[in-house]
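> make a model of this:
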Amino acid sequence: MVRELTIQTPGQGLHEITDLVRTVVADAGVEDGLCTVFVRHTSASLTVQENADPSARRDLEAWLNRLVPEGDALYTHTSEGPDDMPSHIKAILTQVSLSIPILNGTPALGTWQGIYLWEHRRSPHARRVAVHVAP
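As a prediction, this is how the structure comes out:
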(Lines give C-alpha, C1' and ligand atoms only; values in the text may rest on other atoms or scores of the structure.)
Protein backbone atom coordinates (compact mmCIF):
# COMPACT_ATOMS: atom_id res chain seq x y z
CA MET A 1 0.00 0.00 0.00
CA VAL A 2 1.26 3.48 -0.89
CA ARG A 3 -0.26 6.70 0.33
CA GLU A 4 0.85 10.23 -0.44
CA LEU A 5 0.71 12.79 2.35
CA THR A 6 0.79 16.54 1.84
CA ILE A 7 2.61 18.33 4.63
CA GLN A 8 2.18 22.10 4.92
CA THR A 9 5.36 23.59 6.33
CA PRO A 10 5.51 27.14 7.72
CA GLY A 11 9.18 27.42 6.75
CA GLN A 12 12.56 26.09 7.84
CA GLY A 13 12.69 23.55 10.60
CA LEU A 14 11.95 20.00 11.68
CA HIS A 15 8.23 19.23 11.43
CA GLU A 16 7.07 16.04 13.12
CA ILE A 17 5.02 13.64 10.96
CA THR A 18 5.15 10.56 13.23
CA ASP A 19 1.40 10.41 13.87
CA LEU A 20 0.61 10.73 10.16
CA VAL A 21 2.95 7.83 9.34
CA ARG A 22 1.50 5.75 12.21
CA THR A 23 -1.99 6.29 10.76
CA VAL A 24 -0.89 5.05 7.32
CA VAL A 25 0.69 1.95 8.91
CA ALA A 26 -2.46 1.26 10.95
CA ASP A 27 -4.68 1.68 7.88
CA ALA A 28 -2.51 -0.82 5.97
CA GLY A 29 -3.18 -3.50 8.58
CA VAL A 30 0.37 -4.87 8.40
CA GLU A 31 1.49 -6.52 11.65
CA ASP A 32 5.14 -7.11 10.77
CA GLY A 33 6.80 -5.52 7.75
CA LEU A 34 8.50 -2.40 6.50
CA CYS A 35 7.43 1.22 6.16
CA THR A 36 9.32 3.36 3.65
CA VAL A 37 8.87 7.13 3.80
CA PHE A 38 10.07 9.21 0.83
CA VAL A 39 9.97 13.00 0.39
CA ARG A 40 9.32 13.97 -3.25
CA HIS A 41 11.40 17.16 -3.25
CA THR A 42 15.04 18.25 -3.61
CA SER A 43 15.02 20.99 -0.97
CA ALA A 44 13.56 19.08 1.99
CA SER A 45 14.54 15.87 3.73
CA LEU A 46 13.50 13.30 6.33
CA THR A 47 15.04 12.20 9.60
CA VAL A 48 14.35 10.20 12.72
CA GLN A 49 15.23 12.38 15.68
CA GLU A 50 14.48 13.06 19.34
CA ASN A 51 10.90 14.19 19.90
CA ALA A 52 11.04 14.98 23.62
CA ASP A 53 13.15 18.14 23.92
CA PRO A 54 12.61 20.85 21.25
CA SER A 55 16.08 22.29 21.95
CA ALA A 56 17.60 19.27 20.13
CA ARG A 57 15.75 20.28 16.95
CA ARG A 58 16.75 23.93 17.32
CA ASP A 59 20.39 22.93 17.79
CA LEU A 60 20.32 20.66 14.71
CA GLU A 61 18.83 23.43 12.59
CA ALA A 62 21.40 25.96 13.83
CA TRP A 63 24.26 23.52 13.18
CA LEU A 64 23.11 22.72 9.64
CA ASN A 65 22.62 26.42 8.84
CA ARG A 66 26.17 27.10 10.04
CA LEU A 67 27.52 24.19 7.98
CA VAL A 68 25.67 25.29 4.82
CA PRO A 69 25.26 29.08 4.98
CA GLU A 70 23.22 31.19 2.62
CA GLY A 71 25.03 33.67 0.39
CA ASP A 72 28.15 31.63 -0.36
CA ALA A 73 29.90 33.20 -3.38
CA LEU A 74 30.44 29.73 -4.87
CA TYR A 75 26.70 29.22 -5.48
CA THR A 76 25.56 29.82 -9.06
CA HIS A 77 22.04 28.36 -8.62
CA THR A 78 20.45 31.46 -7.08
CA SER A 79 17.43 32.25 -9.27
CA GLU A 80 14.96 31.01 -6.63
CA GLY A 81 16.49 32.98 -3.77
CA PRO A 82 19.42 32.81 -1.38
CA ASP A 83 18.05 29.77 0.49
CA ASP A 84 17.57 27.60 -2.63
CA MET A 85 21.07 26.18 -3.24
CA PRO A 86 21.73 25.71 0.49
CA SER A 87 18.44 23.76 0.63
CA HIS A 88 19.63 21.35 -2.06
CA ILE A 89 22.96 20.84 -0.28
CA LYS A 90 21.21 20.20 3.04
CA ALA A 91 18.96 17.61 1.37
CA ILE A 92 21.94 15.64 0.03
CA LEU A 93 23.67 15.77 3.42
CA THR A 94 20.61 14.35 5.17
CA GLN A 95 18.10 11.80 3.83
CA VAL A 96 15.19 11.81 1.38
CA SER A 97 13.93 8.36 2.43
CA LEU A 98 13.62 6.33 5.61
CA SER A 99 13.05 2.60 6.17
CA ILE A 100 11.30 1.82 9.44
CA PRO A 101 10.44 -1.72 10.56
CA ILE A 102 6.85 -2.43 11.53
CA LEU A 103 6.43 -4.56 14.66
CA ASN A 104 3.03 -5.51 16.05
CA GLY A 105 1.25 -3.13 13.67
CA THR A 106 3.22 0.00 14.50
CA PRO A 107 6.48 1.65 13.40
CA ALA A 108 9.30 0.29 15.58
CA LEU A 109 10.51 3.64 16.85
CA GLY A 110 12.41 4.09 20.09
CA THR A 111 10.91 5.85 23.10
CA TRP A 112 12.18 9.31 22.17
CA GLN A 113 12.24 8.93 18.37
CA GLY A 114 10.00 10.83 16.01
CA ILE A 115 9.79 11.03 12.21
CA TYR A 116 10.44 14.51 10.86
CA LEU A 117 10.10 16.31 7.58
CA TRP A 118 13.02 18.73 7.54
CA GLU A 119 12.07 21.83 5.58
CA HIS A 120 15.18 23.60 4.31
CA ARG A 121 13.47 26.56 2.60
CA ARG A 122 12.50 29.68 4.54
CA SER A 123 9.07 30.14 2.96
CA PRO A 124 6.02 27.89 3.49
CA HIS A 125 5.69 24.88 1.20
CA ALA A 126 3.29 22.02 0.55
CA ARG A 127 5.57 18.97 0.65
CA ARG A 128 4.57 15.60 -0.78
CA VAL A 129 5.65 12.55 1.16
CA ALA A 130 5.03 9.01 -0.12
CA VAL A 131 4.55 6.32 2.53
CA HIS A 132 4.83 2.68 1.42
CA VAL A 133 3.83 -0.14 3.77
CA ALA A 134 4.65 -3.75 2.92
CA PRO A 135 4.47 -7.04 4.81
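> strands of the protein, start to end?
For the chain, the strands defined by DSSP state E occupy 2-9, 13-16, 33-39, 44-50, 97-103, 106-107, 113-119, 125-134.
> most packed of those strands?
Comparing the strands of the chain by mean neighbour count (mean count of other Cβ atoms under 10 Å), strand 113-119 comes out on top with a mean of 22. For every residue, glycine as well, the C-beta is placed using N, CA and C.
> what lies in contact with that one?
If you take Cβ atoms under 8 Å, 6 or more residues apart in numbering as the criterion, strand 113-119 is touched by 7, 9, 11-18, 21, 37, 39, 44-51, 57, 90, 94, 98, 100, 107, 109, 125, 127, 129.
> hmm, 7 Å instead?
7, 9, 11-18, 21, 37, 39, 44-49, 51, 94, 98, 125, 127, 129 (Cβ atoms under 7 Å, 6 or more residues apart in numbering).
> ok, that strand: who's next to it in the sheet?
Sheet pairing here is set by DSSP bridges, and for strand 113-119 it gives strand 13-16 (antiparallel), strand 44-50 (antiparallel).
> identify each buried residue in the longest helix anywhere in the chain, please.
Ordering each helix of the chain by length in residues (DSSP state H) puts helix 54-67 first. For helix 54-67, burial by neighbour count (16 or more other Cβ atoms under 10 Å) applies to 57, 60-61, 64.
> distance to P86 and pLDDT added to these, as CSV?
As requested, the buried residues of helix 54-67 are exported to CSV (distance: Cβ to Cβ, whole Å; pLDDT from 0 to 100):
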residue, distance to P86, pLDDT
R57, 18, 96
L60, 15, 97
E61, 12, 97
L64, 9, 98
